[in-house]
Every structure is written in structure tokens, then in C-alpha cells.
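**Q** Just the structure for this:
(one chain, ligands or ions: 1)
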Amino acid sequence: MSDLPNDIKISKVSESKISNVDFNKLDFGKIFTDHMFVCDYKDGAWQTPEIMPYQPLTIAPSARVFHYGQAVFEGMKAFKDEDDQIWLFRPEDNHDRINKSSHRMAIPEFPKDFFFEGLTQLLHLEKDWIQKGKGNSLYIRPFVIATEEAISASPASTYKFMIICSPAQSYYAGEVKVLFAEKFSRAADGGVGFAKAAGNYGAQFYPTSLAHAKGYQQIIWTDASTHEYLEEAGTMNIFFRVGDTLLTAPNNDRILDGITRKSLIQLAKDSNIKVEVRRVTVAEIKEAAKTGELKEIFGAGTAAVINPISGFEHAGDKFDLPKLDNSYATFFKEKLMNIQYNVSEDPHGWRYKV
Ligand SMILES: Cc1ncc(COP(=O)(O)O)c(C=O)c1O
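**A** Have a look, this model is predicted:
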């Protein structure tokens, strides 16, 4: 390893852009804070990291990322409590996961001390961009790209690890209806579905645009070989409430090991709500919808936190879900956000003070 992370070189903007931002009208992921964190990998080591003004990069057109998609990313959030303290939620898990993704994509892993020191220093600089109040947050996007100039199909010898930040309100607005996948697949056995590899997302855009044209905002992906088992959505893990039991698919090499998902499973156990982590079939969910036993479907993920789903379609059969007063979706969202915003106790030690 090269230099220590406390050698991070910091160059600040001369004037912040923050006064131009309307925090009440944020389009998710379109506005970026003043600074970014950058660390280059070369000669077999991560070099001295830098924090610099957010700006375009100069990258050769032959950089391998453009040709072979050697790129991974993460998504996490910072929250501000009523005393102006800044918190992250289970950030070690994001660090572990980006390294798992990198490993699968033959990208060198990023050292934990660099990650935490870089993140902390960047968030201290950008603290004014984190607005108080539930629902407000700073979305944080760490990512790695292969920068080596070479168009032969093999792993690069140089990379860039970066962190950029974007102020956020809540991700989704309005009702979300979903289509259960029948033909297209997001991920296959032995593939990269469990990794946050950039190509997993690009590959969903076309089938999702077909779903949009039919009036559905998202697809719930099914297993690639039979399309009989419900797996996850594009950027969320999925929970089904049948009666008073929550069902969610087990992790496998096609599914992203979601941090929100595993937190919800724990919160359900803490609240004596029965959770079954097992394969969930399309057939049983359609049957439960017909008998009225299917009470809720919701997605769980960092960006949206919990996203209730109001209806679904599969093989031409359409179902609407009831509107509940005491939904699990609302219950878990409240519980999770109270932990994230330092409103309630944190019995599992998930909060991380920046
Ligand atoms: C494919 C996919 N599934 C699930 C999730 C939810 O994961 P997390 O709760 O860690 O944000 C995400 C978002 O990160 C995702 O991209």
C-alpha cells in the first residue's frame, strides 16, 4: 500500500454552488455537491487519495471501462439529525460489498481505511448539503472504473475509485405498479447479479422501457431458467406480505445482498413479525392475490427506503393490492428511518457517526 489515508490531498472550491440549489425540488441524482473523492490505482497499488472540486474527468477513449464495462458502484446515504450530527447506515457493509463486486469483476479491492477516511473527510466538507428532516439525505455514490488505455479484452492495470454525492429527498413518488418478468432476465446463475456491476443496470433499461410503455414503473425479475420464482426489482429487494407473514427470496448469485433487506428481516424478528426467507413462486403470489391473502408487496433499498407496490401484472393477469391503514411498509419505513435519523435507539449498532 502507498501513502496513509491521512495524507489525502484536499483542494476546495473557491465558491460553493449550494446557493443555486432548491432543496425542495430535487430531481434524484441530477445535482452534485461541490467536491469529489478520487483515488487512482497504478503500479499494483492505490495511490494517495485526493478530494477536489467536482468536475469532468479526462479519460482516453480506449479506457477499458468503455469497451468491457469493468465498473462497479455502491449506493449509500448520509443523514443529519436534529443536533446537526451526521450519520451513515451500516457503511461497513457497503465497503464489503463494493469489494465483493470488484473481486467478481477482476478489479483490485479498495482498502477500508482509505474508504472511511475519504468518506468522512468528504462528508465533513459537504455537511451543508445534508439537509435536516426525515426523507432528506445525501446520496453517496462510490464507484470504480477501469482506466487503462487498451482495447484488448482483459482486466485493466489502472483504475479510478471515486465518490460523488447528490442531495436527495425521497426517490420514488406516486404509485408503483410492477410487471413480473416472463421473458427477459436480469441475472443468471454463475453470473454477476450479486455484484453491483454497472452492466447489470444498463441491461435492464430496455425491458424496463417496454414495461413503462405498458404502464408499469418497474419489473420484478424472476429466476432466469424457469421464470417461476420472484427474485428482486431493478434497485430493490422485494417483500411480499401474505396474511401476516413476510416472504422474501434468499440471497443467491443472481440477487444483490441488500442492506435494507437484511435490516428489515432483523427488524421484523425484533417486532415478532414472521418472516420466511425462501423461494417465492409467481404462482403462489397470484393465488394469494386472488384469495385476498396477499396484503402487500414492497421494495426495500437505500434510494427508496421502502417502496409500496400498488399492483402487478403477470401473463396478462392484472392485480391491484388493497390500501391498508396499518401496512408493514409504513411500519418498517418508520422504524428504519428512526434509526437512520438518530430518533430511536440503535440496538444493532447500525448507525455510524461521521
Ligand atoms: C439490484 C439491487 N437490489 C437491491 C438493492 C437494495 O440494496 P440496498 O438495500 O443495500 O440499497 C439495490 C440497491 O442498492 C440494487 O441495486
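**Q** For the spatially most central residue of the chain, give me its contacts.
**A** Nearest to the geometric centre of the chain sits residue 75, at 4.2 Å (Cα atoms, centre = their mean). Contacts of residue 75 were listed using Cβ atoms under 8 Å, 6 or more residues apart in numbering, and they are 94, 139-141, 196, 235, 301-303. (Glycine included, C-beta is placed from N, CA and C.)
**Q** what do you get for residue 186?
**A** 193, 200, 203-204, 219, 221, 224, 231-232, 234, 254.
**Q** Would you mind checking which of these is nearest to the ligand?
**A** For the ligand, the closest of the contacts of residue 186 turns out to be residue 232, at 4.9 Å, with distances computed as Cβ to the nearest ligand atom.
**Q** next structured bit after the longest helix along the chain?
**A** The helix of greatest length in the chain, counted in residues with DSSP state H as the criterion, is given as helix 198-213. Later in the chain than helix 198-213, the nearest helix or strand by DSSP states H and E is strand 218-222.
**Q** Now do the very next helix or strand once past that following strand: which elements does it pack against?
**A** Next in sequence after strand 218-222, counting helices and strands by DSSP H and E, comes strand 229-233. Packed against strand 229-233 by the contact rule (3 or more Cβ pairs under 8 Å, 6 or more residues apart in numbering; DSSP states H and E) you find strand 218-222, strand 237-242, strand 280-281, helix 282-291.
**Q** would you turn those into JSON lines with distance to residue 297?
**A** Compiled in JSON lines, these are given as follows (distance: least, Cβ to Cβ, whole Å):
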{"stretch": "strand 218-222", "distance to residue 297": "8"}
{"stretch": "strand 237-242", "distance to residue 297": "5"}
{"stretch": "strand 280-281", "distance to residue 297": "10"}
{"stretch": "helix 282-291", "distance to residue 297": "8"}
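**Q** who wins for proximity to the ligand among the ones you listed?
**A** Checking these against the ligand by Cβ to the nearest ligand atom gives strand 237-242 as the closest, at 4.7 Å.
**Q** any low-confidence regions in the stretch 51-200 of the chain?
**A** Counting by pLDDT under 70, the stretch 51-200 of the chain contains low-confidence residues at 170-174.
**Q** could you pull out the helices for it?
**A** Applying DSSP state H, counting those that start in this stretch to the stretch 51-200 of the chain gives helices spanning 64-68, 91-104, 112-125, 198-213.
**Q** quick one: whichever residue of the stretch 1-150 of the chain sits closest to the ligand from residue 7, how far?
**A** In the stretch 1-150 of the chain, the residue that lies nearest the ligand is residue 75 (4.7 Å; Cβ to the nearest ligand atom). For residue 75, the distance to residue 7 (Cβ to Cβ, to the nearest Å) stands at 28 Å.
**Q** Next: residue 138.
**A** Residue 138 sits 25 Å away from residue 7, going by Cβ to Cβ.
**Q** The two - which one has more neighbours?
**A** Here residue 138 and residue 7 are compared on neighbour count by other Cβ atoms under 10 Å; more neighbours surround residue 138, at 23 against 11.
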